[in-house]
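**Q** Next input, structure requested:
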Amino acid sequence: MAKAAVFLDRDDTLIENVPYLGDPTQVQLLPGAKEAITQLHQAGLLLIVVSNQSGVGRGLISKAQVRSVDAKMEELLGGKGIITAFTHCYAAPGDPYDERRKPSPLMLQEAAVEHGLSLNNSFMVGNRLSDIHSGHAAGCRTVILKLRIEPGDEKACTELATFSAKDWPAASAWILKSKESPL
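**A** Predicted coordinates:
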């Protein structure tokens, strides 16, 4: 069976959302994220961050700043190597030259090819409708993490997502149980 992964949105899923975050000293994990990521990693799931970082396309932060924030987040989650890959779309919304921006499934599809993944056996975890649409379009099972969900997105996310999780412990428990029954 092909490998499975958990695709993870970054801001308001793994870390507190600070708009256009470029300062690694401001990185704060969301409650339960470290424990959940540790469990998923120990279960042999590849962990891949897929994140729209429009601040780069808007000229508000640099790619180097995004990478420094990612490095700090990875350190707080348990150290180098716990995250298999970081995949970012740096385009600003409406940029006609980049089709990878979520809700597009392209970042997930590219990662699947690169890492030899089965998207049908994989999961997408996020807090926005664009995360759920991206995972759904890629063929993944989707988890809406309701820790920091946009109020206007909650109903649509709950209806579209495969699973609604009130917090990280619920999300990781469901993923670990569900990975035993591939689609």
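**Q** so what's residue 134 up against?
**A** 50, 102-105, 107-108, 124, 126 (C-beta atoms under 8 Å, 6 or more residues apart in numbering). Backbone N, C-alpha and C define where each C-beta goes, glycine included.
**Q** which residues of this protein fall in strands?
**A** 5-8, 46-52, 85-89, 123-126, 141-145, 163-165 (DSSP state E).
**Q** re earlier: can I have the buried ones of the contacts of residue 134 as a PyMOL selection?
**A** Here is the PyMOL selection string for the buried members of the contacts of residue 134, based on 16 or more other C-beta atoms under 10 Å:
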select buried, resi 50+102+104+105+107+108+124+126
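**Q** Take the contacts of residue 134 and write them to TSV, including pLDDT and distance to residue 179.
**A** Below are those laid out as TSV (pLDDT from 0 to 100; distance: C-beta to C-beta, whole Å):
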residue	pLDDT	distance to residue 179
50	97	18
102	94	23
103	94	24
104	95	25
105	97	20
107	95	21
108	97	17
124	98	14
126	97	18
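**Q** any chance of the contacts of residue 134 in JSON lines, with distance to residue 168 too?
**A** Below are the contacts of residue 134 laid out as JSON lines (distance: C-beta to C-beta, whole Å):
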{"residue": "50", "distance to residue 168": "17"}
{"residue": "102", "distance to residue 168": "20"}
{"residue": "103", "distance to residue 168": "23"}
{"residue": "104", "distance to residue 168": "26"}
{"residue": "105", "distance to residue 168": "24"}
{"residue": "107", "distance to residue 168": "22"}
{"residue": "108", "distance to residue 168": "21"}
{"residue": "124", "distance to residue 168": "15"}
{"residue": "126", "distance to residue 168": "13"}
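**Q** between the contacts of residue 134, which is closest to residue 77?
**A** residue 50 (15.6 Å; C-beta to C-beta).
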